[in-house]
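[1] Take a look and give me a structure for this.
(one chain, ligands or ions: 1)
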Amino acid sequence: MQAMEWDVIIIGGGPAGASAGISLRASGLKVLLLDQASFPREKPCGGGIRSAALDRFPWLNAALHSTTTHFINKIQIESPDGTTLREERTEPLYIMVRRLEFDHALLRACRRAGTEVREGQRVVSIRSTAEGVDITTAGGDILRGRIVIGADGVNSVVAKTMGQGENRNLREVGIGHMEETPCAELEPTSPDTLFVFLGLGRNLGYGYLFPKQGYVNLGRGTLLSCYQAGRSGPPYEAHLRFVGSLVARGLLKGKSQRANFHGFLIPYGRPLPKTYADRILLCGDCAGLVNAFTGEGIYYALASGEHAAKTALRSIREGDQSSRFLRRYQELWKAEFGAELEQAAAIQRSFSKNLGRMDRIIQAANKDAALRRLLTDYMLGRIDYKTARMPLILGFLKSFLNNKINSLRKNFGWGQKASRKS
Ligand SMILES: Cc1cc2nc3c(=O)[nH]c(=O)nc-3n(C[C@H](O)[C@H](O)[C@H](O)COP(=O)(O)OP(=O)(O)OC[C@H]3O[C@@H](n4cnc5c(N)ncnc54)[C@H](O)[C@@H]3O)c2cc1C
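    Residues are numbered from 1 along each chain as shown. Alright, predicted model coming up:
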């Protein structure tokens, strides 16, 4: 057993933990990052990132340089009734990465930033005392830090230590199943188009098809409660049906590869009520920072990792690691995207009660180019809900009134009389 002193110990080297480590560059602090895995490692994920991330995180461009990225400028969204909405732009709408490469690149950037990274170190327990936080690894090491940043994902040991995360509401946890396969075996026929299938036929959840450089990534997400109720059947059989439907429609060519099929939890209900405690901050999936409507989590992981790092630095400089001081971390991430996550959860709840709403929204956007642009910008994280809300409401109202007027015209023959007279 050994005891060591660190200013900041980050647990987890996914996007949240790596972003925290990178953000502490030039801070002068002694920073350690522990991850149970050895990188490069797989993380079941679509690997789609909003293009705004490149402006928000100036260091990201350099990190992406060493990975195969794919910029997408076309999107096709389908509503549960099969209505199709297509949008094409000259500028990139979304960035596609392979998590295997992306997370490895971020971890290398974290090392270059001066963080000591130890792989293959599973944390089994955490104890917060007046002197510091003691972290025990599966190998029996005890490491002491002034402050701990929990970035250990949806099954977080750190969140459980805080009495949070253990009992995530099943209605608020999702499960995603995905496959990432080389194009030589399974190939998208439109490599520049991102497909989203809302409601997946008439089931709750969504499906997606993401083309990448030399790979395709496709999968489905649903609430864990629906999955456990057996509504979609055994996972790989359901996946094969999904792949089969895309092949039949000519969107894919080739065969699914069972070995590349994985499932993982997505905490897409809403954030944990408290993402800080004495000497502890929680970020990324571990704090429940995922968009309940789109399943997006990478951007929030990167942003919350940065806020956690800045808060940790200030707390060490000011000599205060109390939960009262660390509370400002929650204020920071809430100010940036708290409302966005709340609204996404409300939209998801509304759609899960009434899939017809999704159909009507996609149908309306299909008929109106400005509405279509707004909706895709909102869904891809290019504008926030506050900006999109009023124009979307007015646009849908206009479409609703137009539909009503058209059906009255049809029923009472108004337009026909007028044209007969003239
Ligand atoms: C099928 C699926 C598809 C998705 N698609 C997208 C998408 O296209 N776009 C998007 O933005 N989001 C997507 N998400 C969500 C996204 O994957 C997560 O939100 C994101 O990975 C969160 O990053 P993180 O760093 O918080 O956690 P993770 O990426 O989960 O990283 C946690 C790290 O902690 C380590 N760890 C865990 N426990 C311990 C321990 N006890 N000790 C030490 N280390 C530990 C793990 O090894 C891991 O490296 C998807 C999720 C799923 C399941």
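
[2] Kindly provide the distance from the residue in the stretch 51-200 of the chain that the ligand sits nearest to to residue 342.
    Checking the stretch 51-200 of the chain residue by residue against the ligand with Cβ to the nearest ligand atom singles out residue 176 as nearest, at 2.6 Å. Every residue, glycine included, has its C-beta placed from N, CA and C. Remark: distance between residue 176 and residue 342 (Cβ to Cβ, to the nearest Å) = 22 Å.

[3] So for these two, which sits in the more crowded spot?
    residue 176 (21 against 15; other Cβ atoms under 10 Å).

[4] Now that one: phi and psi?
    The main-chain torsion angles of residue 176 are listed as degrees, to the nearest 10 and equal phi -110, psi 130.

[5] ok, now which ones touch it?
    Residues touching residue 176, when contacts are defined by Cβ atoms under 8 Å, 6 or more residues apart in numbering, comprise 44-46, 219-221, 263-266, 295.

[6] The ligand next: which of these are close?
    When these are filtered against the ligand using Cβ under 6 Å from any ligand atom, the residues retained are 44-46, 219, 264, 266, 295.

[7] Make JSON lines out of these and add neighbour count.
    Compiled in JSON lines, these are given as follows (neighbours: other Cβ atoms under 10 Å):
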{"residue": "44", "neighbour count": "20"}
{"residue": "45", "neighbour count": "26"}
{"residue": "46", "neighbour count": "25"}
{"residue": "219", "neighbour count": "24"}
{"residue": "264", "neighbour count": "19"}
{"residue": "266", "neighbour count": "24"}
{"residue": "295", "neighbour count": "22"}
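
[8] Closest one of these to the ligand?
    Of all those, the ligand sits closest to residue 46, with 2.6 Å by Cβ to the nearest ligand atom.

[9] How about the secondary structure of the closest one?
    Three states are possible here, and by DSSP: H, G, I helix; E, B strand; the rest coil the one that applies to residue 46 is coil.

[10] looking at it, it is touching residue 179, isn't it?
    No. The pair residue 46 and residue 179 fails to qualify as a contact (Cβ atoms under 8 Å) at a distance of 10.7 Å.

[11] Next, show the common contact partners of those two.
    217, 219.

[12] Show me what from the stretch 1-150 of the chain comes close to the ligand.
    Selection of the stretch 1-150 of the chain residues close to the ligand by Cβ under 6 Å from any ligand atom yields 11-17, 34-37, 43-49, 122-123.

[13] What subset of these is buried?
    Neighbour-count burial within these applies to 11-17, 34-37, 43-49, 123; the criterion is 16 or more other Cβ atoms under 10 Å.

[14] want to throw the ones next to the ligand among the contacts of residue 176 into TSV with distance to residue 282 and pLDDT?
    Rendered in TSV, the data for these read as follows (distance: Cβ to Cβ, whole Å; pLDDT from 0 to 100):
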residue	distance to residue 282	pLDDT
44	21	96
45	19	97
46	23	97
219	26	95
264	18	94
266	16	91
295	20	90
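
[15] Just want the residue of the stretch 301-422 of the chain that's nearest the ligand.
    Among the residues of the stretch 301-422 of the chain, residue 301 lies closest to the ligand, at 3.6 Å counting by Cβ to the nearest ligand atom.

[16] Distance check, that residue against residue 109.
    Where residue 109 is concerned, residue 301 sits at a distance of 15 Å (Cβ to Cβ).

[17] Comparing those two, which residue is more hemmed in?
    residue 301 (27 against 21).

[18] Quick check: that one touching residue 282?
    No. Residue 301 sits out of contact with residue 282 when judged by Cβ under 8 Å, with a separation of 11.3 Å.

[19] residues shared between the contacts of these two?
    Taking Cβ under 8 Å, 6+ apart as the contact criterion, the common neighbours of residue 301 and residue 282 are residue 151.

[20] by contact count, what packs against the one helix or strand the residue of the stretch 301-422 of the chain closest to the ligand maps to?
    In this structure, residue 301 is located in helix 298-317 according to DSSP states H and E. Other elements packing on helix 298-317 under the criterion 3 or more Cβ pairs under 8 Å, 6 or more residues apart in numbering; DSSP states H and E are strand 5-11, helix 15-23, strand 48-50, helix 53-56, strand 142-150, strand 280-282, helix 323-333.

[21] can you redo these as JSON lines with mean pLDDT?
    JSON lines is the format used below for the helices and strands packed on helix 298-317 (pLDDT from 0 to 100):
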{"stretch": "strand 5-11", "mean pLDDT": "96"}
{"stretch": "helix 15-23", "mean pLDDT": "98"}
{"stretch": "strand 48-50", "mean pLDDT": "96"}
{"stretch": "helix 53-56", "mean pLDDT": "94"}
{"stretch": "strand 142-150", "mean pLDDT": "96"}
{"stretch": "strand 280-282", "mean pLDDT": "97"}
{"stretch": "helix 323-333", "mean pLDDT": "98"}
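
[22] what's the closest of those to residue 405?
    Of all those, it is strand 48-50 that lies closest to residue 405, at 37.1 Å by Cβ to Cβ.

[23] What pairs with the closest one, parallel or antiparallel?
    strand 94-96 (antiparallel) (DSSP bridges).

[24] how about the strand it pairs with: buried residues?
    Buried residues in strand 94-96, counting neighbours by 16+ other Cβ under 10 Å, are found at 94-96.

[25] Columns pLDDT on top of these, output as TSV?
    Output for the buried residues of strand 94-96, formatted as TSV (pLDDT from 0 to 100):
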residue	pLDDT
94	94
95	96
96	97
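
[26] can I get the residues you listed in JSON lines with distance to residue 197?
    Putting those into JSON lines (distance: Cβ to Cβ, whole Å) gives the following:
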{"residue": "94", "distance to residue 197": "16"}
{"residue": "95", "distance to residue 197": "21"}
{"residue": "96", "distance to residue 197": "17"}
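
[27] coming back round to it: possible to save the helices and strands packed on helix 298-317 as CSV with distance to residue 63?
    Rendered in CSV, the data for those read as follows (distance: least, Cβ to Cβ, whole Å):
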stretch, distance to residue 63
strand 5-11, 17
helix 15-23, 8
strand 48-50, 11
helix 53-56, 11
strand 142-150, 19
strand 280-282, 22
helix 323-333, 21
